[in-house]
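**Q** okay, here's the prediction I keep looking at, along with the sequence it came from:
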Amino acid sequence: MKIYCAIPSQFSLRQRNELRDRIPFISEHINMVKVNTSENKIVLEYEGTEEESTVLKSEMNTLIEHIAATRWIEKPAVKKYETKHHHSLPIKQEQQHPHPKKTSAYYNEVELALLEKLDAEMLAIAKQVKAQMRSYPTILHEQNMQRNQYHKNFPQHIYAVHHIPHQHKIIEQFRKSNEGQDQWFTHTGDYLQPCICYHCYEELGNQKWDNHHIFTAKGPCFRHEVEWKLNTFRKNEFMMREIVFVGDQQWVIFMREQLMQAVWTLFCKLDMTGHIIAAHDPFFHYDDVQQKAMFQLVTDAKYELEVNVGDDKHYSIASFNYCEDVLCEKYNITGRDGQALYSGCVAFGLDRWLAALFYYYGQDMKKLPL
């Protein structure tokens, strides 16, 4: 069935986008959300019952109230660049993307070669600032997650690790069972990593330092996205490289600016249209949005490099984060004086850089300015 939701006339563009992006998390029975600009309405495709739709409408009204009550800050782009040539290929729409449950996704030789080239560019930026290379596990252990609280701030994105207990009786019952098998699995307390940086903080944790630290690491990351929003830019599993830096406040601020300029230089060299803007993390709970997200915007704690892929579609392909002393305090990373150090990180979504290059250049690597 289709459900219509009127958008308050006073809503800004940011508020409209926030409403559109939040609605899918109300129910997994929602299959599509579109904005009808001519009628100022949100249109939903919904597979639930009539009775459930009543609850859905009530929750949408509550969501609108939360968005209306939040103080939203509009900031201009910090940097802008527009390509001089036309793009090569149209972006694959959400409905055209093969769902990972139905078919296995893979990269061919051309794509793998380009991924390696892209990562080499990111790694070169990391080496310019003398980052130490690291390789970390894909699993984020329970103790680490409890420290950073990612699962509390962004519960909509987490993947938890489950296993069958090492008990002969349970293993035999599982083997013989022909029905639903979820009952045999227990949560280990661990999670698939949503990002790389928490491993760096764990490495430095519970210690006093008198020098700066810069690490870089690459690995697969996992975030539970809305199923029908998956496309070549938005995936449940993706490859990320991060540069993480820990030290005194002024040095961390300087390092973020230096890295942001280096990444922007690379982006302009690749000749794609985009901009760097102030942003905030996708906090799920609205008290967090009103406090933490707005604080990030006010203090310029987070910038994102967004690439334009037509029809006013933008995707973030890199983020530049200033974490103040928050994470170092959580991990007990201090200077010799016992005061928490400051930190920041730069993150690259390698799959998104790859998709952006294919959007502008196709798969002919000879055309690429790399």
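**A** Good, I have the coordinates. Residues are numbered from 1 along each chain as shown.

**Q** and the helices in the protein, which stretches?
**A** Taking DSSP state H as the test, the helices found in the chain are 13-22, 50-69, 109-128, 142-148, 150-153, 168-176, 197-204, 249-269, 286-288, 294-298, 326-330, 350-361.

**Q** mean neighbour count, distance to Leu44 and mean pLDDT added to the ones you listed, as JSON lines?
**A** For glycine as for every other residue, the C-beta is placed from the backbone atoms N, C-alpha and C. Shown next, in JSON lines, are the helices of the chain (neighbours: other C-beta atoms under 10 Å; distance: least, C-beta to C-beta, whole Å; pLDDT from 0 to 100):
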{"stretch": "helix 13-22", "mean neighbour count": "16", "distance to Leu44": "10", "mean pLDDT": "84"}
{"stretch": "helix 50-69", "mean neighbour count": "14", "distance to Leu44": "8", "mean pLDDT": "88"}
{"stretch": "helix 109-128", "mean neighbour count": "15", "distance to Leu44": "35", "mean pLDDT": "95"}
{"stretch": "helix 142-148", "mean neighbour count": "16", "distance to Leu44": "33", "mean pLDDT": "97"}
{"stretch": "helix 150-153", "mean neighbour count": "16", "distance to Leu44": "26", "mean pLDDT": "92"}
{"stretch": "helix 168-176", "mean neighbour count": "11", "distance to Leu44": "39", "mean pLDDT": "90"}
{"stretch": "helix 197-204", "mean neighbour count": "21", "distance to Leu44": "35", "mean pLDDT": "98"}
{"stretch": "helix 249-269", "mean neighbour count": "17", "distance to Leu44": "36", "mean pLDDT": "96"}
{"stretch": "helix 286-288", "mean neighbour count": "14", "distance to Leu44": "20", "mean pLDDT": "54"}
{"stretch": "helix 294-298", "mean neighbour count": "16", "distance to Leu44": "27", "mean pLDDT": "51"}
{"stretch": "helix 326-330", "mean neighbour count": "19", "distance to Leu44": "36", "mean pLDDT": "96"}
{"stretch": "helix 350-361", "mean neighbour count": "23", "distance to Leu44": "27", "mean pLDDT": "94"}
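
**Q** out of those helices, nearest to Gly344?
**A** Nearest to Gly344, of all these, is helix 249-269, at 4.7 Å by C-beta to C-beta.

**Q** coming back round to it: got the helices of the chain as CSV, with distance to Lys34 columns?
**A** CSV is the format used below for the helices of the chain (distance: least, C-beta to C-beta, whole Å):
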stretch, distance to Lys34
helix 13-22, 8
helix 50-69, 14
helix 109-128, 31
helix 142-148, 35
helix 150-153, 28
helix 168-176, 43
helix 197-204, 35
helix 249-269, 30
helix 286-288, 23
helix 294-298, 27
helix 326-330, 37
helix 350-361, 22
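
**Q** so which of those gets nearest Thr216?
**A** For Thr216, the closest of the helices of the chain is helix 109-128, at 3.8 Å, according to C-beta to C-beta.

**Q** can you check the pLDDT for Thr70?
**A** Confidence at Thr70, expressed as pLDDT, is 75.

**Q** for the most centrally placed residue in the chain, grab phi and psi.
**A** Central residue of the chain (C-alpha atoms, centre = their mean): Arg223, 7.5 Å from the mean position. Backbone torsions for Arg223, taken as degrees, to the nearest 10, come to phi -140, psi 130.

**Q** now do it against Tyr315, distance only.
**A** 14 Å (C-beta to C-beta, to the nearest Å).

**Q** do Asn153 as well
**A** From Asn153 to Tyr315 the distance is 22 Å (C-beta to C-beta).

**Q** how about Asn40?
**A** 26 Å.

**Q** what of Cys221?
**A** 16 Å.

**Q** ok, these two, which is more surrounded?
**A** Cys221 (24 against 21; other C-beta atoms under 10 Å).

**Q** let me see the backbone angles for Arg234.
**A** The phi/psi pair for Arg234 (degrees, to the nearest 10) is phi -120, psi 110.

**Q** no further queries at this time; thank you.
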